[in-house]
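Asks: Using only what follows, build the 3D model:
(2 chains)
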Amino acid sequence: MTSSAYPTSWRPPKLIPNPLTRYGLLLAGVVYLAWSLNALDIDWHRVEQGIARAGNMFARMVPPDFSRWQLLGRGVLESVQMAFAASFIGMIVAIPLGVCAARNLVPTPVYLVARAVLVVSRTFHEVIIAIFFVKIFGFGPLAGVLTLVVASMSFIGKMLAEDIENMRPGQLEAIRATGASFPKMLLYAVQPQMLPRYLGVSIYRLDANIRHSTVVGIVGAGGIGQTLAASFSRYDYDFSLAILLTIMSLVFVGEFFSNWVRARLR
Amino acid sequence: MTLEEHRQRYPDVWRRFSPRQTLIRYSWYLGIVFIAVWSLSNLDITWVYFLDAHEQAADLLVRMVPPYWEFFAAIVDPLVETVHIATLGTAATFFIALPIAFLAARNTTPNAITWFIGRFILVASRSVNTVVWGLLFVAIFGPGPMAGIWSVTARSIGFVGKLIAEAIEEIDEGTVEAIEATGASRLQVMLVGVLPQVMPVIFGTIVYRWDINIRESTVLGFVGAGGIGIVLYSSINLFAWDEVAVILVAIFGVVLVSEFISAAVRKRIT
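Replies: Next up is the predicted model:
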């Protein structure tokens, strides 16, 4: 037996077998990095000062200042209430939207319109939507709630539509065979299949809304984000850290709650 | 079986849930409605704003149409900058999130303390929004795309790291044992036993996050962290709604294209 049949060393197979593609991709990455860093208008001198500034800012942040806990508490409560209200309204609005966006249930024109609504509302970031609601409804939590409603309905609606498109057609046929009308078909064939996942997605969205409710405040749409943005613009960094820590624990609790409920729903 | 028993077992009207189950379900629903109503009524909402909302919306629409299309030439550079911020931020995320994911996965972390540190970084990164990270990094690096890149990275580490850590926890332990049995070092086990198994998840998650980051970086400019958001913010402040319309159309296009690319790449990977 020759030794070449059993090599003594082994090298793991490469991720991309073709060396030309492998090095080509690497080269493309390097070229892109050079191009983009060149194209970006970065003030390197200012960036250099950043490290010192970060240390300075950190020193001013610690210890966090919880002395204005009443203001903090009010902001957090407002954010949580915004999240609850928006998730609930979003859940309701998502049902007709999701049904209309399911190809197998509705005529094509309705489907196209509903899909267009979903695509447009998902494309724009919450902050952009918030600006428009602030312009229309004025400053305050109403604009924030409406923003989160739009975000929630498009998220839940899209999930719902995809679920309906992937559901088992057997139950639909069985109910249809009894001569049921369209609403009855929805209620007895579609709803029982959708409900657990719909509730799961809605709970997840509640948790996401708590996270997003902290940011719509930056453009004046209420909640703890407004307090945070104000503290940053006043260089009130120790209060900012207190707010950030509160947001972190709030998000942590929200996530824990959402995981717990979703585990029970399964 | 008496007639009575038979009737109870096969009632004329079929019900899916027993009365007790129904009661529990409806009390849950009632509770949810109660919380929602309580939240809405407790918020400081000026309901009179609804009265002229339609006029405001109509006013906005009239000012936006027709869009000032010539403005498009001025926003090409900021749009490219937005894409760069998202791409570079996601690239940086790849290198930072990978080691943290290994720390935060139960089966690859050295001990309980490192596991806790890993998890803490992931939670902290995820709970702060990209725009809020933007506030922080603008204060550090000054306004500009550098702050934008780091805010994108800071937020994405938690997202990408969490998904990779979950994938690492679900790998096939047999491969790892086989590599260990050859006498490989800890690092070799990670590189040869664990990493190839989670590679598809890593690339899938990174590409997915890239497309989310494009959307996020469109608003980073609101806090001064570079990209199209700066132009959008100043156009809004100048009430130049016909310019805003052009920017929105452009953002719509960029986000749609990036979503399409991301979906196509993910389809090829998995």
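
Asks: Regarding the residue lying closest to A:Leu25 once chain neighbours are set aside, what is its secondary structure?
Replies: Distances taken as Cβ to Cβ, 6 or more residues apart in numbering or on different chains place A:Ile16 nearest to A:Leu25, at 6.9 Å, with adjacent residues excluded. Bear in mind the C-beta positions are built from the backbone N, C-alpha and C, glycine included. Secondary structure assignment for A:Ile16 (DSSP: H, G, I helix; E, B strand; the rest coil): coil.

Asks: all helices for the stretch 51-200 of chain B, in order.
Replies: B:53-64, B:72-104, B:112-127, B:130-141, B:145-169, B:173-181, B:186-188, B:195-217 (DSSP state H, counting those that start in this stretch).

Asks: Need phi/psi at the residue nearest to A:Leu25.
Replies: Main-chain torsions, A:Ile16, degrees, to the nearest 10: phi -110, psi 110.

Asks: next one: A:Val106
Replies: Given degrees, to the nearest 10, the pair of backbone angles that A:Val106 has is phi -120, psi 160.

Asks: now the helices of the stretch 51-200 of chain B in JSON lines, with mean neighbour count?
Replies: Below are those laid out as JSON lines (neighbours: other Cβ atoms under 10 Å in any protein chain shown):
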{"stretch": "helix B:53-64", "mean neighbour count": "13"}
{"stretch": "helix B:72-104", "mean neighbour count": "21"}
{"stretch": "helix B:112-127", "mean neighbour count": "17"}
{"stretch": "helix B:130-141", "mean neighbour count": "25"}
{"stretch": "helix B:145-169", "mean neighbour count": "25"}
{"stretch": "helix B:173-181", "mean neighbour count": "14"}
{"stretch": "helix B:186-188", "mean neighbour count": "11"}
{"stretch": "helix B:195-217", "mean neighbour count": "21"}
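
Asks: could you dump the ones you listed to TSV with distance to B:Phe17 and mean pLDDT?
Replies: Shown next, in TSV, are those (distance: least, Cβ to Cβ, whole Å; pLDDT from 0 to 100):
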stretch	distance to B:Phe17	mean pLDDT
helix B:53-64	42	84
helix B:72-104	41	92
helix B:112-127	38	91
helix B:130-141	44	89
helix B:145-169	35	93
helix B:173-181	42	90
helix B:186-188	54	87
helix B:195-217	39	91
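
Asks: Kindly reformat the ones you listed as TSV and extend each row with distance to chain A.
Replies: Compiled in TSV, the helices of the stretch 51-200 of chain B are given as follows (distance: least, Cβ to the nearest Cβ, whole Å):
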stretch	distance to chain A
helix B:53-64	4
helix B:72-104	4
helix B:112-127	3
helix B:130-141	4
helix B:145-169	4
helix B:173-181	10
helix B:186-188	9
helix B:195-217	5
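
Asks: Quick one, which of the ones you listed gets closest to A:Ile164.
Replies: Set against A:Ile164 and scored by Cβ to Cβ, these come closest in helix B:195-217, at 23.3 Å.

Asks: now the angle from the closest one to helix B:72-104?
Replies: 140 degrees (axes from the mean of the first three to the mean of the last three Cα atoms, to 10 degrees).

Asks: Give me the helices and strands touching the next helix or strand after helix B:195-217, please.
Replies: Using DSSP states H and E, the helix or strand that directly follows helix B:195-217 along the chain is helix B:228-237. Packing partners of helix B:228-237 (3 or more Cβ pairs under 8 Å, 6 or more residues apart in numbering or on different chains; DSSP states H and E): helix B:72-104, helix B:241-269.

Asks: Hmm, A:Gly24 and the residue nearest to A:Leu25 touching each other?
Replies: No: with contact defined as Cβ atoms under 8 Å, A:Ile16 does not count as touching A:Gly24 (9.3 Å).

Asks: can you give me the offset of whatever helix or strand A:Val145 lives in from its chain's centre?
Replies: Using DSSP H and E, A:Val145 falls within helix A:141-165. Here the centre of helix A:141-165 is set off from its chain's centre by 11 Å, with Cα atoms, centre = their mean, to the nearest Å.

Asks: domains of chain B?
Replies: Per automatic domain parsing, the domain ranges recorded for chain B read B:3-42, B:77-269.

Asks: Is the worst-scoring helix or strand of chain A on mean pLDDT positioned near chain B?
Replies: Counting by mean pLDDT, DSSP states H and E, the weakest-scoring helix or strand in chain A turns out to be helix A:44-61, with a mean of 81. Yes: in terms of Cβ under 8 Å from any Cβ of the partner chain, part of helix A:44-61 sits within range of chain B, namely A:Arg46, A:Val47, A:Gln49, A:Gly50, A:Arg53, A:Ala54, A:Met57.

Asks: Can you redo those residues as TSV, where the extra columns are neighbour count?
Replies: Listed next are the residues of helix A:44-61 next to chain B as TSV, based on neighbours: other Cβ under 10 Å:
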residue	neighbour count
A:Arg46	15
A:Val47	17
A:Gln49	14
A:Gly50	18
A:Arg53	16
A:Ala54	15
A:Met57	17
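
Asks: Let me have these in a markdown table, extended by distance to A:Leu228.
Replies: Converted to a markdown table, the residues of helix A:44-61 next to chain B look like this (distance: Cβ to Cβ, whole Å):
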| residue | distance to A:Leu228 |
| --- | --- |
| A:Arg46 | 24 |
| A:Val47 | 24 |
| A:Gln49 | 24 |
| A:Gly50 | 21 |
| A:Arg53 | 19 |
| A:Ala54 | 18 |
| A:Met57 | 15 |
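
Asks: of all those residues, which comes closest to A:Leu112?
Replies: A:Val47 (47.6 Å).

Asks: The closest one against B:Pro143, yeah?
Replies: No: in this structure A:Val47 lies outside contact range of B:Pro143 using Cβ under 8 Å: 11.4 Å.

Asks: Find the nearest non-adjacent residue to B:Ile261, please.
Replies: Per Cβ to Cβ, 6+ apart, closest to B:Ile261 is B:Asp211, 7.4 Å.

Asks: Can you name the residues that contact that neighbour?
Replies: Counting by Cβ atoms under 8 Å, 6 or more residues apart in numbering or on different chains, B:Asp211 makes contact with B:Val255, B:Ser258, B:Glu259, B:Ile261, B:Ser262.

Asks: Would you write a ChimeraX line that selects the buried entries of those?
Replies: A single ChimeraX command is used to select the members of those judged buried by 16 or more other Cβ atoms under 10 Å in any protein chain shown:
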select /B:255,258,259,262
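
Asks: Export the helices of the stretch 51-200 of chain B as CSV, with columns for distance to A:Val119.
Replies: Below are these laid out as CSV (distance: least, Cβ to Cβ, whole Å):
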stretch, distance to A:Val119
helix B:53-64, 19
helix B:72-104, 19
helix B:112-127, 26
helix B:130-141, 22
helix B:145-169, 22
helix B:173-181, 41
helix B:186-188, 45
helix B:195-217, 13
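
Asks: contacts for stretch A:71-87?
Replies: A:66, A:141, A:144-149, A:151-152, A:202, A:205-206, A:209-210, A:212-214, A:216-217, A:222-228, A:242-243, A:246-247, A:250, B:35-36, B:38-40, B:42-44.

Asks: Could you give me the buried positions within it?
Replies: Across stretch A:71-87, burial judged by 16+ other Cβ under 10 Å covers A:72, A:75-76, A:78-87.

Asks: ok, the residue nearest the centre of chain B - contacts?
Replies: Note on chain B: the residue nearest the mean C-alpha position is B:Ile212, at 6.1 Å, using Cα atoms, centre = their mean. The contact partners of B:Ile212, taken as Cβ under 8 Å, 6+ apart, are B:Phe159.
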